[in-house]
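my questions concern the predicted model and sequence given below.
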Amino acid sequence: MASVATIMHKHIVGVAVGTQLKTALRLMKLNRVYLVPVLKEGKLVGILTSKVAEEKLASGNDATAGQAMEAPFAFVPEDAGIEEAAMMLVSNKITRLPVVNNRREMKCVGIVTSTDLVAVKS
C-alpha cells in the first residue's frame, strides 16, 4: 500500500508561533493555501486556517499564529497509508492534513488534501 509521502504536497508554507495574523494571512494568499503549519523551533505545534485568521482580523484581533492556532490537531506521519489519511480526513471532517516525519520529532514535511486522495482513487 502506498504511503502519504508519495502523494503529499512537499512545498509547504509554515509560520512561526510569533507571526502576526496579518502576515500569516498575506503568506497564505500569496501562496494560494488555506492552511499553514504553525512551528516552534522547527516542530509542528498547531495549524492555522485562513478562515480563523480572517475571522480574528475582522473582529479587530491581530493575534499571533500561536494564539489563534488550532491545537491539538489532526496529522499523520509520512509513512502512514493513504487509507489511514483518508480516515483521518473523514473522521475529523477536514480537507487538509499536515504530514510529519514522525510522531516524536513532529517536523512538518508536507500536506495531504482530500483532492490528493480522490486523485489516487481515480
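It's in. Residues are numbered from 1 along each chain as shown.

local confidence estimate at Asp62?
On the pLDDT scale, Asp62 is placed at 82.

same question for Val99.
If you check Val99, the pLDDT there is 97.

so, low pLDDT: which residues of this protein?
For the chain, applying pLDDT under 70 flags the ranges 1, 122.

which parts of it are helices?
21-31, 50-58, 65-68, 82-92, 114-121 (DSSP state H).

deepest of those helices, which one?
Among the helices of the chain, ranked by average contacts under mean count of other CB atoms under 10 Å, first place goes to helix 65-68 (a mean of 21). (Each C-beta comes from the backbone N, C-alpha and C, glycine too.)

got a list of contacts for that one?
With contacts defined as CB atoms under 8 Å, 6 or more residues apart in numbering, helix 65-68 is touched by 15-21, 24, 36, 38, 40, 45-46, 48, 52-53, 56.

go again with 7 Å.
15, 17-19, 21, 24, 38, 48, 52-53, 56 (CB atoms under 7 Å, 6 or more residues apart in numbering).

my guess is Asp62 contacts Ala24, does it?
No. When contacts are counted by CB atoms under 7 Å, Asp62 is not listed as touching Ala24 (10.2 Å).

output the helices of the chain as TSV; include the columns distance to Ala5.
Shown next, in TSV, are the helices of the chain (distance: least, CB to CB, whole Å):
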stretch	distance to Ala5
helix 21-31	21
helix 50-58	25
helix 65-68	26
helix 82-92	10
helix 114-121	12
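
for Arg104, which of those is the nearest?
helix 82-92 (18.0 Å; CB to CB).

neighbouring contacts of the closest one?
Counting by CB under 7 Å, 6+ apart, 1-2, 4, 7, 74, 76, 95, 97, 112, 114, 117, 120 sit against helix 82-92.

Gly110 reaches Thr6, doesn't it?
No. Gly110 is beyond contact range of Thr6, at 10.3 Å (criterion: CB under 7 Å).

report how many residues lie close to the residue lying closest to Glu78 once chain neighbours are set aside.
Spatial nearest neighbour of Glu78, chain neighbours left out: Ala5 (4.2 Å); criterion: CB to CB, 6 or more residues apart in numbering. Burial of Ala5 is recorded as 17 neighbouring residues (other CB atoms under 10 Å).
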